[in-house]
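> I'd like to go over a predicted model; first the sequence, then the structure.
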Amino acid sequence: PFKRYVEIGRVALVNYGKDYGKLVVIVDVVDQNRALVDAPEMVRGQMNFKRLTLTDITIDIPRVPKKKTLIEAMEKAGKDDMLRTNGKVARGVES
């Protein structure tokens with residue numbers, strides 16, 4: 001059984017490409033291969049699921065929120081500090 005599902009608000013780690021190592025939030029599912037992702041220091045864009053590693057972290061957000069709403073939801077959930085780290089917490093690696 002799977003433990004992590006692709007869903008709106010799921011935090012993922014980028015594992016390939018120019019955004020390698022960054023944590024992003026899935027804000028919408030485009031199709032079975034791509035998702036619309038966003039992060040505070042990143043421009044919103046489509047990303048292939050093969051480039052994403054899902055984490056256990058989820059944020060309660062509506063579908064396709066504005067950047068301001070996304071940042072507020074992250075701060076409310078207390079995940080902002082975790083997203084600004086280098087990703088060790090999201091990958092389950094303890095320092």
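Right, received. Where do you want to start?
> shouldn't residue 40 be in contact with residue 75?
No: if you go by C-beta atoms under 8 Å, residue 40 and residue 75 don't touch, sitting 9.8 Å apart. Every residue, glycine included, has its C-beta placed from N, CA and C.
> between those two, which one's more packed in?
residue 40 (15 against 12; other C-beta atoms under 10 Å).
> how far away is the more buried one from residue 51?
Distance from residue 40 to residue 51, counting by C-beta to C-beta, to the nearest Å: 19 Å.
> model confidence over the lengthiest helix in the chain, on average?
Criterion DSSP state H: the longest helix present in the chain is helix 67-77. If you average the pLDDT over helix 67-77, you get 92.
> bridging residues for the residue nearest to the spatial centre of the chain?
Centroid-nearest residue in the chain: residue 25, 2.3 Å away (criterion: C-alpha atoms, centre = their mean). For residue 25, the beta-bridge partners are residue 11, residue 38 (DSSP bridges).
> could you list the buried residues of stretch 48-63?
Residues of stretch 48-63 classed as buried: 49, 51, 52, 53, 54, 55, 57, 58, 59, 61 (neighbour count, 16 or more other C-beta atoms under 10 Å).
> OK, contacts around the fourth one?
Looking back up the chat, that one is residue 53. Residue 53 makes contacts with 12, 13, 14, 15, 91, as judged by C-beta atoms under 8 Å, 6 or more residues apart in numbering.
> what about 6 Å?
Counting by C-beta atoms under 6 Å, 6 or more residues apart in numbering, residue 53 touches 13, 15.
> check which helix or strand covers it.
Using DSSP states H and E, residue 53 falls within strand 52-58.
> helix, strand or coil for residue 50?
Three-state assignment for residue 50 (DSSP: H, G, I helix; E, B strand; the rest coil): helix.
> ok, residue 44 next?
In three-state terms, and counting by three-state DSSP, residue 44 is strand.
> against residue 19, how distant is it?
12 Å.
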